[in-house]
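S.K.: what's the 3D shape of this:
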Amino acid sequence: MTSAATVENQTALEKLSRLLAEDLDFHDQDSGYASHNFHAFPAKFPPQLPRKFIQSLTIPGDTVLDPMMGSGTTVLEAFLLGRKAIGFDIDPLAILLTKTKISSINQHQAIVLGKEIVSRAKFAFYRCRGEIESELSVFWDEKTRDFVNYWFSRDVQIALKAILNEIERIDDEDLRDFFKLSFSAIIITKSGGVSLALDLAHTRPHRVRSAIDWNGNVVGDLRRDALHTGRVRSKKIRSPFEEFERRFMQNLRSLLEIGLSTNQIDLFDLFEERIERPKTYVSYGNAQNIPLSSSCVDLIVTSPPYASNAIDYMRAHKFSLVWFGYSIDDLAVQRKKYIGSEGTKDVYLNTLPPNTTDIIERLSSIDRKKGLVLHRYYSEMRNVVSEMLRVLKPGGTAVFVVGNSKIRGQDVKIPECLSEIGESLGFLVPRIGVRQLDRNRRMMPAGANIDTKSQIQQRMHEEYVIGFYKPLRELL
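M.R.: As a prediction, this is how the structure comes out:
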């Protein structure tokens, strides 16, 4: 006789399998609504992806978790849909970004305050320049100051410090974070920005050889025809004051679209019927040791990092984090904690399932160091998957959106190995879905031109969506 738990498990697996077999591309849909476009962030999945699983696998009031929340896409979607959203990350910028996306601020107060920030910062830039330069001389340690001097022109440094000084005077934490994120967004951009870097949003920055700032000052060796011939990589640096004002106004309009600002018409009904939205919780947290009790989460939707540090988030994020009091050495220590990092000293390596072990051994026979890096990645991902199994309720689902990797020409089969690891721990995996990436909209660290010899481009044409189901057990 078939048990009730067996029937329910089979029904849930069939439903999850159907969802994973459906169209997961969402190429023709707007992904910049609400506050999803607050800040550049590499390798974001479209909000329609977590929305699909949240709507299909949970009901209002259920708990949705993203333990590696990145830009907070899952957290925001769960919030909009009336679920209890929980998000963790170890990246300080990810925490600031997600908290700000779901903050409630007063529209009128934000506009007035933002205008005052710009006005006072401009006054300080032109009338109190010496004082700001004195502040900058002691603002960072020597190593961090060298980094800032290399990547930011002097006038930009003074303008940014003038803006930041005004932001730091704000008492209200939500408003202060809102303006800090707008500040960060004019530094980390897909193109443009106020630094001397190109491609910051792609996490592979390189310094321009020359630039012209908003006052017409030349930075570097700028030939007269450089901006037109392309023989020298150059850029025009816009006024930080104008960029900051443009950005906070743009972000404020995005907040108003979803009713996150008071004194505005509530437009939540654009997304869902008017429902009570539980409080959202966002905090620092390591996905290998999720700070939640067991069996308390209904659904997990997350996107683990690539192996071998293919997308180095901290490489770009430090450009704004150094302005928020972090030193280069602090951020280097933090970077080593990221899953997918290449350091292997003093790292515990788990025993892994046979196919995953075989892939690691094949890579190790070609490059021992890279084999250790891959072993670290799968060991840490085993910890993550184990923690997700623990915090999920029986009958709950974890959805992973992952990319594959080639290391030293070897396909390391990330979706297959993660599936095997999940099954070895007790998950059921009915199917691995596939979604094609839109190269024109997906911010990946790859050039605009197709290069068939580029390993990073070879692995970034598609992603894989893995469904992990935690089965119900028979009561004894």
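S.K.: Residue 5 and residue 395 touch, don't they?
M.R.: No: if you go by CB atoms under 8 Å, residue 5 and residue 395 don't touch, sitting 9.0 Å apart. Heads up, the C-betas are built off the backbone N, CA and C, glycines and all.
S.K.: How many residues are close by residue 149?
M.R.: The criterion is other CB atoms under 10 Å. On that basis, residue 149 has 13 neighbouring residues.
S.K.: ok, now which ones touch it?
M.R.: Residues counted as contacts of residue 149 (CB atoms under 8 Å, 6 or more residues apart in numbering) are residue 157.
S.K.: element containing it?
M.R.: helix 142-151 (DSSP states H and E).
S.K.: Can you tell me the SS state at residue 76?
M.R.: Taken by DSSP: H, G, I helix; E, B strand; the rest coil, the conformation at residue 76 corresponds to helix.
S.K.: re the thing from before, so what sits against both of residue 5 and residue 395?
M.R.: Both residue 5 and residue 395 are in contact with 471, 472, where contact means CB under 8 Å, 6+ apart.
S.K.: what number of residues lie near the closest residue to residue 327 other than its chain neighbours?
M.R.: Taking CB to CB, 6 or more residues apart in numbering, and ignoring the residues beside it in sequence, residue 327 has residue 144 as its nearest neighbour in space, at 4.8 Å. Other residues near residue 144 come to 19 when the count uses other CB under 10 Å.
S.K.: separation between residue 144 and residue 332?
M.R.: If you measure residue 144 against residue 332 using CB to CB, to the nearest Å, the figure is 11 Å.
S.K.: any idea where the helices of the stretch 301-450 of the chain begin and end?
M.R.: With helices called from DSSP state H, counting those that start in this stretch, the stretch 301-450 of the chain shows them at 313-321, 328-335, 354-366, 368-391, 414-425.
S.K.: which is the next helix or strand following the helix holding residue 149?
M.R.: Once helix 142-151 ends, the next helix or strand along the chain (criterion: DSSP H and E) is helix 154-168.
S.K.: Residues contacting that following helix, please?
M.R.: Residues from elsewhere that reach helix 154-168 (CB under 8 Å, 6+ apart): 116-118, 120-122, 124-125, 128-129, 132-133, 135-136, 139, 148-149, 152, 176, 179-180, 183, 187, 194-195, 213, 215, 217, 237, 239-241, 244, 323.
S.K.: 6 Å - rerun?
M.R.: 117, 120-121, 124-125, 132, 136, 179-180, 194, 213, 240, 244, 323 (CB atoms under 6 Å, 6 or more residues apart in numbering).
S.K.: Can you give me the buried ones in it?
M.R.: For helix 154-168, a neighbour-count test (16 or more other CB atoms under 10 Å) marks 155-167 as buried.
S.K.: right, so the helices of the stretch 301-450 of the chain: which one is the most enclosed?
M.R.: Mean neighbour count, computed with mean count of other CB atoms under 10 Å, is highest for helix 313-321 among the helices of the stretch 301-450 of the chain, reaching a mean of 23.
S.K.: Grab the CA positions of it and hand them over as CSV.
M.R.: Below are the C-alpha coordinates for helix 313-321, written out as CSV (Å, rounded to 0.1, in the frame of the first residue of the first chain):
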residue,chain,number,x,y,z
TYR,A,313,32.7,40.3,-6.7
MET,A,314,35.1,42.0,-4.2
ARG,A,315,37.4,43.0,-7.1
ALA,A,316,34.8,45.6,-8.0
HIS,A,317,33.0,46.2,-4.7
LYS,A,318,36.1,47.4,-3.0
PHE,A,319,35.9,50.6,-5.2
SER,A,320,33.0,51.9,-3.2
LEU,A,321,33.6,50.0,0.1
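S.K.: quick one: least confident helix or strand in the chain?
M.R.: For the chain, scoring each helix and strand by mean pLDDT, DSSP states H and E identifies helix 226-229 as the least confident one, at a mean of 45.
S.K.: so is the closest residue to residue 52 other than its chain neighbours in a helix, a strand, or just coil?
M.R.: For residue 52, the nearest residue in space outside its immediate sequence neighbours is residue 19; the separation is 6.9 Å by CB to CB, 6+ apart. Under three-state DSSP, residue 19 falls in the helix class.
S.K.: Sketch out the strands for the stretch 51-200 of the chain, chain order is fine.
M.R.: Using DSSP state E, counting those that start in this stretch, the strands found in the stretch 51-200 of the chain span residues 63-66, 84-89, 105-106, 197-198.
S.K.: now those strands in CSV, with mean neighbour count, mean pLDDT and distance to residue 421?
M.R.: Formatted as CSV, the entries for those read as follows, by neighbours: other CB atoms under 10 Å; pLDDT from 0 to 100; distance: least, CB to CB, whole Å:
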stretch, mean neighbour count, mean pLDDT, distance to residue 421
strand 63-66, 26, 98, 19
strand 84-89, 26, 97, 20
strand 105-106, 18, 85, 42
strand 197-198, 20, 86, 37
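S.K.: related to what we said a few turns ago, adding distance to residue 377, write the buried residues of helix 154-168 out as JSON lines.
M.R.: Compiled in JSON lines, those are given as follows (distance: CB to CB, whole Å):
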{"residue": "155", "distance to residue 377": "42"}
{"residue": "156", "distance to residue 377": "37"}
{"residue": "157", "distance to residue 377": "37"}
{"residue": "158", "distance to residue 377": "42"}
{"residue": "159", "distance to residue 377": "41"}
{"residue": "160", "distance to residue 377": "36"}
{"residue": "161", "distance to residue 377": "39"}
{"residue": "162", "distance to residue 377": "43"}
{"residue": "163", "distance to residue 377": "39"}
{"residue": "164", "distance to residue 377": "36"}
{"residue": "165", "distance to residue 377": "41"}
{"residue": "166", "distance to residue 377": "43"}
{"residue": "167", "distance to residue 377": "37"}
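S.K.: how far away is the spatially closest residue to residue 199 that is not a sequence neighbour from residue 220?
M.R.: Taking CB to CB, 6+ apart, and ignoring the residues beside it in sequence, residue 199 has residue 205 as its nearest neighbour in space, at 5.8 Å. Taking CB to CB as the measure, residue 205 falls 16 Å from residue 220.
S.K.: Quick check: chain neighbours aside, which residue is closest to residue 121?
M.R.: Closest residue to residue 121 in three dimensions, ignoring its sequence neighbours and counting by CB to CB, 6+ apart: residue 162, at 4.0 Å.
S.K.: before we move on, back to that, ok, so of the buried residues of helix 154-168, who is nearest residue 60?
M.R.: For the buried residues of helix 154-168, the minimum distance to residue 60 (CB to CB) is 35.8 Å, reached by residue 167.
S.K.: Quick check: which ranges of this structure have low pLDDT?
M.R.: Filtered on pLDDT under 70, the chain yields the residue ranges 1, 31-32, 34-35, 201-204, 221-233, 256-277, 308-310, 438-460, 474-476.
S.K.: for this structure, longest strand please?
M.R.: strand 392-402 (DSSP state E).
S.K.: can you list the domain ranges for the chain.
M.R.: Taking automatic domain parsing as the reference, the chain has its domains at 4-91+280-469, 105-257.
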